[in-house]
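> 3D model of this:
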Amino acid sequence: MLIDTMADYSTEDVPALLAEAARSGSGVHDTTVGDVVVASYADVRRLLPDRCLTTKRPPSDTSGLSPVRRAMRARYVKWPLFSDGDYHARLRAHLQGAIGKLDDDALSRIGAHVTRAHQRHASDTFSWLETISEPVSVDVIAAVLGSSGEETEWLVEKAKVILEELAWQVTDEEGFAGVVSAMESVAQWLDAALTHGRLTTPFMTALSAISQDPELGFDAALGALCQTITGAYDPLVAAVSVLGLLSGSPSFAHGESAGLCEEVLRLSSPFRFTRRFATRPIELKGRVIPAHTRVLLGLGPANLDETAFPEPREPGTERRAHVAFGGGSHYCLGAEAVRDSLRALTGVMTEHGFAFEASNVVHHPSLAILRFTTVDGRWR
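Alright, predicted model coming up:
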């Protein structure tokens, strides 16, 4: 089975395809671009913390790249996502605990989106995406940064430009220039925020410490900020949308909130693949994977592996641990904030018996990340 993560999957049943990838044969698949995809739950769980795989891109000759593309790469190498070793460990030490549990005010604001939507759209069709998923995600990021709603929406728009290149492989010079420009705009915002010291959440305090660390500096703080926004907004929108789509299921009505939230995360798995590079030749399922090969660990396929999750496409509250947040030294630092958000929404909906019934759902054609373009429906 071949997987091309850059192909158009508009007409595909993507969960079925991911489940088949986990089910088929050895669970290792070459993509059409020469990567290796690891799809089974057992293999993904085993390899996520393995130091034979690194997120840091192997050294390459950049002399043929345009100046704007070199500038883009120079920004990316400072991100936690694209670093490893001592630099990554030092950066992560600053960030550990910086995105913790959300406070009661933030959770109250998140839950209020559901109650307002129920009041305003008690009997008419509405967009779950625009009314709940997107504003909830902005609220979570605002709580982490301590920024205003307007500021956060502006930052999210910049993050969307960056994510277009990361998830859908922008290949033209105009697109590369847009990414660099977006990062420079975020850099100006961060510089002003740190200079004036007006944002004092634990995360912004950590960015200030990173910026002043002589072995890291401002560019490392900027990388952490860009990664946090891009890694929070779209995945949160996707997870909250999946929560809405599952809210009419029997398990949602009768289940325990924390278990339901874990199932939302397993079934959404917003980032379906996490990229690694082999630091040395490794043997996998009887095959030798050469050093420097790009390996895609299939978080999405692993979470739909029927050997780990019987009836994997159905929600259930008695499940083993999923891998939606990755693992090892790159485990998502914002995992608890995401869980808090989903629990706040689930708590309000189960308390009041709210259930959403979708009538029109449209997915973005990408396989690499779950993204909805339409989620319309009504309360029932």
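> give the buried residues for stretch 161-179.
161-168, 170, 175-179 (16 or more other C-beta atoms under 10 Å). C-beta here means a position set from N, CA and C on the backbone, and glycine is covered the same way.
> what's the most distant pair in the residues you listed?
Across the buried residues of stretch 161-179, the longest distance by C-beta to C-beta is 18.2 Å; it joins A167 and A177.
> isn't V362 right next to T373, touching?
Yes. In terms of C-beta atoms under 8 Å, V362 counts as a neighbour of T373; the distance is 4.8 Å.
> is L284 in a bridge, and if so with what?
Per DSSP bridges, the residues bridged to L284 are R287.
> what pLDDT does the model give it?
According to the prediction, L284 has pLDDT 85.
> what is the nearest of the buried residues of stretch 161-179 to R70?
For those, the nearest to R70 is F176 (9.6 Å; C-beta to C-beta).
> for that closest one, give its distance to R73.
As judged by C-beta to C-beta, to the nearest Å, F176 and R73 stand 10 Å apart.
> what of D35?
19 Å.
> for the two, indicate the residue with more neighbours.
It is D35, of D35 and R73, that has more neighbours when counted by other C-beta atoms under 10 Å, with 17 against 14.
> so who does the nearest residue to the more buried one once chain neighbours are set aside touch?
Among residues not flanking D35 along the chain, R294 sits closest, at 4.6 Å (C-beta to C-beta, 6 or more residues apart in numbering). R294 sits next to G34, D35, V36, R275, R276, F277 when contact means C-beta atoms under 8 Å, 6 or more residues apart in numbering.
> and for L199?
L145, G146, S147, A193.
> redo those as TSV? Include secondary structure.
Formatted as TSV, these follow (DSSP: H, G, I helix; E, B strand; the rest coil):
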residue	secondary structure
L145	helix
G146	coil
S147	coil
A193	helix
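> nearest to L342, of those?
Set against L342, the nearest of those by C-beta to C-beta is L145 (19.7 Å).
> any low-confidence regions in this structure?
For the chain, applying pLDDT under 70 flags the ranges 25-27, 61, 168-171, 253-257, 317.
> what residue of it is the furthest out?
Farthest-out residue of the chain from its mean C-alpha position, per C-alpha atoms, centre = their mean: S123, at 32.9 Å.
> could you say which helix or strand holds the closest residue to L216 other than its chain neighbours?
In this structure, L216 finds its nearest non-sequential neighbour in I210, 4.9 Å apart by C-beta to C-beta, 6+ apart. In the assignment (DSSP states H and E), I210 maps to helix 202-212.
> what's that helix in contact with?
With contact meaning C-beta under 8 Å, 6+ apart, helix 202-212 is reached by 91, 94-95, 97-100, 144-146, 190, 193-194, 197, 216-218, 220-221, 224-225, 228.
> which elements pack onto the helix or strand hosting G259?
Element membership for G259 (DSSP H and E) is helix 257-268. In terms of contacts (3 or more C-beta pairs under 8 Å, 6 or more residues apart in numbering; DSSP states H and E), helix 257-268 is packed against helix 218-246, helix 250-254, helix 335-352.
> so which of those helices is the most packed in?
Most buried of those, by mean neighbour count (mean count of other C-beta atoms under 10 Å): helix 218-246, with a mean of 24.
> show me the strands in the stretch 1-150 of the chain, by range?
28-30, 36-38, 53-54, 126-127 (DSSP state E, counting those that start in this stretch).
> which residues are contacting the last one?
Which is strand 126-127. Identification of contacts with strand 126-127 by C-beta under 8 Å, 6+ apart yields A117, R120, T374, V375, D376, G377, R378.
> right, and the pair among these with maximum separation?
The largest separation in the contacts of strand 126-127, counting by C-beta to C-beta, is between R120 and T374 at 19.1 Å.
> who has more neighbours out of these two?
Taking neighbours as other C-beta under 10 Å, R120 and T374 compare with T374 leading, 14 against 10.
> who does the more buried one form a beta bridge with?
Where T374 sits in a bridge, its partners, by DSSP bridges, are V362.
> follow-up on the earlier one: out of the strands of the stretch 1-150 of the chain, flag the one nearest V44.
Closest to V44 of the strands of the stretch 1-150 of the chain, according to C-beta to C-beta: strand 36-38, at 5.7 Å.
> elements contacting the closest one?
Applying 3+ C-beta pairs under 8 Å, 6+ apart, we find strand 36-38 packed against strand 28-30, strand 294-298.
> which neighbours in the sheet does that strand have, and how are they oriented?
Counting by DSSP bridges, strand 36-38 is paired with strand 28-30 (antiparallel), strand 294-298 (parallel).
> now, of those, which is deepest in the fold?
Buried most deeply of the strands paired with strand 36-38, by mean count of other C-beta under 10 Å, is strand 294-298, with a mean of 23.
> hang on, the earlier thing: how about the helices and strands packed on strand 36-38 in CSV, adding distance to D8?
What follows is those, written out as CSV (distance: least, C-beta to C-beta, whole Å):
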stretch, distance to D8
strand 28-30, 18
strand 294-298, 18
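> so which of the ones you listed is nearest D50?
Short answer: strand 294-298, nearest of those by C-beta to C-beta, at 9.8 Å.
> okay, and the beta partners of L297?
Bridge pairing for L297 (DSSP bridges) gives the partners V38, T274.
> I'd guessed it sits against F271; true?
No. Contact criterion C-beta under 8 Å: L297 and F271 do not qualify, at 10.5 Å.
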